[in-house]
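Enquirer: With the input below, show me the fold.
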Amino acid sequence: MLDRYAAAAPYTYTIFALMAMAGLLALLFAARAEWRTFARAGLGRGWWTMRLLMPLLFALGGVVTAIFARKALGSDGLIMAYLGVFLVALPLWFVLHVVVGRLLRPALDTGRALWLAASPIGAAVGLSLIGHTLQPLAWQIGMALAG
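Expert: Coordinates of the predicted model:
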């Protein structure tokens, strides 16, 4: 049984790479469509600014979560980290998008700022679900190609 998986691995990893490239291409097309929507409303520069600031906002949420989790050790620290992600970092992510969106010129309204905060989360969840669904199919194809 393990020999079949070992023989199928090169084919399967190639299929995984193709799936990853397709996902990246889908993300690029979605980002382009999103930018066009914002550019038509005269907010293209604000879209670029928010997207370029996303790593900084993400890191800030990570720092806050790490500070939150370091207060406890062991399994309690892990629980605090999860609570920090869902109860502190996630709301902070959305609030920071709204605040930064208001500071931009031209300013983003709350709905557009929240869309810019939610769209990468939705894309990550969507691509993860699609990848999880297609993974068994990739292994089956890899095994069929391996013989």
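
Enquirer: separation between the most centrally placed residue in the chain and residue 24?
Expert: Note on the chain: the residue nearest the mean C-alpha position is residue 124, at 3.7 Å, using C-alpha atoms, centre = their mean. For residue 124, the distance to residue 24 equals 13 Å [C-beta to C-beta, to the nearest Å]. C-beta: built from backbone N, CA, C; applies to glycine.

Enquirer: What of residue 140?
Expert: Distance from residue 140 to residue 24, by C-beta to C-beta: 23 Å.

Enquirer: With residue 93 instead?
Expert: Taken as C-beta to C-beta, the span from residue 93 to residue 24 is 23 Å.

Enquirer: With neighbour numbers in mind, choose between those two.
Expert: residue 93 (19 against 11; other C-beta atoms under 10 Å).

Enquirer: So what's the gap between the helix or strand containing the more buried one and the chain middle?
Expert: Residue 93 is part of helix 90-103 when elements are defined by DSSP states H and E. Offset of helix 90-103 from its chain centre (C-alpha atoms, centre = their mean, to the nearest Å): 17 Å.
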